[in-house]
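Trainee: below is the structure, and that's it, no one-letter string:
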């Protein structure tokens with residue numbers, strides 16, 4: 001499939017980070033494993049920066065892939081990191097990224113997590129009025145003035161997003177119509193109020209839809225900024241940039257999205273909010289296409305006219321590829337036999353090692369003829385893979401992760 005072409009092929013071997021797949025498997029020592037291509041991540045960040053121009057900061061959403069080595073690498077490439085738990089916050093704080101460059105978003109932050117964030121100097125993105133009161137209490141407890149921004153639940157929806165996170169009733173953010181009153185209260189609460197975060201949807205491949213969302217986001221932020229008790233210094237416009245997963249997916253026109261946002265910033269934000277740093281927050285788009293899930297064929301069987309490849313991995317490591325993580329109608333992720341690239345094709349069904357029919361990695365896919373010992377590769381595995389999967393299900397070992 002076309003989405004697999006970002007990885008090189010040498011002879012019949014897929015190459016990851018300059019290393020042939022069979023050699024990489026020997027280096028790792030066991031299958032299954034996840035491999036992330038360091039150069040591909042670096043290249044993607046460079047592409048984003050070029051598309052956005054020099055005035056917009058890039059933030060990495062750690063939840064997409066919190067592997068410490070990946071976060072360490074990205075900390076040297078991006079301007080900021082966003083975390084969604086105290087565990088992710090510790091990973092971020094262990095990188096060279098300064099604490100002031102780390103934000104903490106997500107509903108349900110505990111009092112202990114808020115106290116940790118305030119003590120560290122991390123920016124807390126407030127999801128509710130109740131959380132605002134609790135972060136003020138945390139600041140009083142640890143003796144540090146909290147740094148906060150208001151996450152806004154906009155009054156519009158972003159169509160075409162794989163996951164909607166704004167518009168209508170939401171657990172995310174403060175409803176936009178309730179933000180002015182919260183801002184007034186925060187102005188008296190002894191916090192350092194930096195600005196706003198608006199994130200309405202993820203995994204969008206339409207440049208037109210994303211540009212409309214950017215325009216509406218800037219309109220909303222500028223209207224809310226008039227109620228801010230302190231100069232706005234931080235405007236996180238979210239991201240939502242999608243990557244292709246399926247055969248008919250058309251990759252996002254990054255240049256079209258980036259140039260549109262750069263124009264909005266120059267023509268509107270810089271004029272009305274001269275102290276504000278505009279931030280684009282991306283996770284999947286930076287790491288998703290740089291990752292592979294590699295698993296080994298342990299059995300080949302025929303059942304009433306269908307050929308099955310049974311592998312030693314499965315949905316307990318890569319839930320999304322099984323179709324059980326957000327797909328309404330299951331479609332195959334891009335898949336290959338990484339040790340037999342370009343060979344004669346046959347139709348097979350690839351299944352995992354779990355005792356459930358849900359453990360399906362590729363249904364009726366065209367692959368080179370594979371046998372026991374061959375390496376099957378699932379692409380687009382750099383984001384929401386291992387940590388978004390039920391790894392404890394049926395008690396199989398954890399897979400290794402490597403940054404190559």
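Mentor: Cool, got the structure. If you're wondering where the values come from, they're calculated on a predicted model, not measured in any experiment. Numbers count the residues shown, from 1 in each chain.
Trainee: what is the subsequent helix or strand relative to the host helix or strand of residue 24?
Mentor: Following DSSP states H and E, one finds residue 24 within helix 21-28. Next helix or strand after helix 21-28 toward the C-terminus (DSSP H and E): strand 33-36.
Trainee: in which helix or strand does the closest residue to residue 177 other than its chain neighbours reside?
Mentor: Nearest non-adjacent residue to residue 177, counting by C-beta to C-beta, 6 or more residues apart in numbering: residue 155, 7.0 Å away. The way it works is simple: take the backbone N, C-alpha and C, and place the C-beta from them, glycine included. Using DSSP H and E, residue 155 sits in no helix or strand.
Trainee: quick one: strands adjacent to the host helix or strand of residue 149?
Mentor: In this structure, residue 149 sits in strand 147-153 according to DSSP H and E. Sheet pairing for strand 147-153, assigned by DSSP bridges, gives strand 123-126 (parallel), strand 174-175 (parallel), strand 192-198 (parallel).
Trainee: what is the orientation angle of the next helix or strand after the second one with strand 192-198?
Mentor: The one in question is strand 174-175. Next in sequence after strand 174-175, counting helices and strands by DSSP H and E, comes helix 179-186. Taking axes from the mean of the first three to the mean of the last three C-alpha atoms, to 10 degrees, one finds that helix 179-186 is oriented at 160 degrees with respect to strand 192-198.
Trainee: quick one on the thing from earlier: could you give me the buried positions within the strand holding residue 149?
Mentor: Buried residues in strand 147-153, counted by 16 or more other C-beta atoms under 10 Å: 147, 148, 149, 150, 151, 152, 153.
Trainee: what's opposite the fourth one in the beta bridge?
Mentor: Pointing back at residue 150 there. Under the criterion used (DSSP bridges), residue 150 bridges to residue 126, residue 196.
Trainee: how about JSON lines for the strands paired with strand 147-153, with mean pLDDT added?
Mentor: Output for these, formatted as JSON lines (pLDDT from 0 to 100):
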{"stretch": "strand 123-126", "mean pLDDT": "98"}
{"stretch": "strand 174-175", "mean pLDDT": "94"}
{"stretch": "strand 192-198", "mean pLDDT": "97"}
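Trainee: want to throw these into CSV with mean neighbour count and distance to residue 344?
Mentor: Formatted as CSV, the strands paired with strand 147-153 follow (neighbours: other C-beta atoms under 10 Å; distance: least, C-beta to C-beta, whole Å):
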stretch, mean neighbour count, distance to residue 344
strand 123-126, 27, 53
strand 174-175, 18, 58
strand 192-198, 24, 51
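Trainee: so for the helix holding residue 24, mean pLDDT?
Mentor: Average pLDDT, helix 21-28: 97.
Trainee: try stretch 280-288
Mentor: 97.
Trainee: that stretch: end-to-end distance?
Mentor: In stretch 280-288, first residue to last residue: 17 Å (C-alpha to C-alpha, to the nearest Å).
Trainee: and stretch 241-248, by the same measure?
Mentor: Stretch 241-248: ends 17 Å apart by C-alpha to C-alpha.
Trainee: flag the helix or strand of the protein with the lowest per-element mean pLDDT.
Mentor: strand 163-164 (a mean of 52; mean pLDDT, DSSP states H and E).
Trainee: specify the angle between the biggest helix by length in the chain and strand 147-153 in degrees.
Mentor: Looking across the chain with DSSP state H, the single longest helix is helix 207-225. Relative orientation of helix 207-225 versus strand 147-153 (the same axes, to 10 degrees): 120 degrees.
Trainee: average pLDDT across helix 207-225?
Mentor: Averaged across helix 207-225, pLDDT comes to 95.
Trainee: could you check how far the helix holding residue 24 is from the centre of its chain?
Mentor: Relative to the mean C-alpha coordinate of its chain, helix 21-28 is positioned 26 Å out (C-alpha atoms, centre = their mean, to the nearest Å).
Trainee: other SSEs contacting that helix?
Mentor: For helix 21-28, the elements it packs on are strand 13-16, strand 33-36, strand 291-303, strand 375-378, strand 400-403, judged by 3 or more C-beta pairs under 8 Å, 6 or more residues apart in numbering; DSSP states H and E.
Trainee: kindly reformat those as a markdown table containing mean pLDDT and distance to residue 364.
Mentor: Shown next, in a markdown table, are these (pLDDT from 0 to 100; distance: least, C-beta to C-beta, whole Å):
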| stretch | mean pLDDT | distance to residue 364 |
| --- | --- | --- |
| strand 13-16 | 95 | 22 |
| strand 33-36 | 98 | 25 |
| strand 291-303 | 97 | 13 |
| strand 375-378 | 97 | 15 |
| strand 400-403 | 98 | 30 |
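Trainee: so for residue 216, which of the ones you listed sits nearest?
Mentor: Nearest of the helices and strands packed on helix 21-28 to residue 216, taken as C-beta to C-beta: strand 291-303 at 31.9 Å.
Trainee: tell me the strands beside the closest one, with direction?
Mentor: When DSSP bridges is applied, strand 291-303 pairs with strand 33-36 (antiparallel), strand 306-311 (antiparallel), strand 375-378 (antiparallel).
Trainee: could those strands be laid out in JSON lines, adding mean neighbour count?
Mentor: JSON lines is the format used below for these (neighbours: other C-beta atoms under 10 Å):
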{"stretch": "strand 33-36", "mean neighbour count": "25"}
{"stretch": "strand 306-311", "mean neighbour count": "19"}
{"stretch": "strand 375-378", "mean neighbour count": "26"}
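Trainee: need these in CSV with distance to residue 132, can you?
Mentor: Shown next, in CSV, are the strands paired with strand 291-303 (distance: least, C-beta to C-beta, whole Å):
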stretch, distance to residue 132
strand 33-36, 37
strand 306-311, 48
strand 375-378, 42
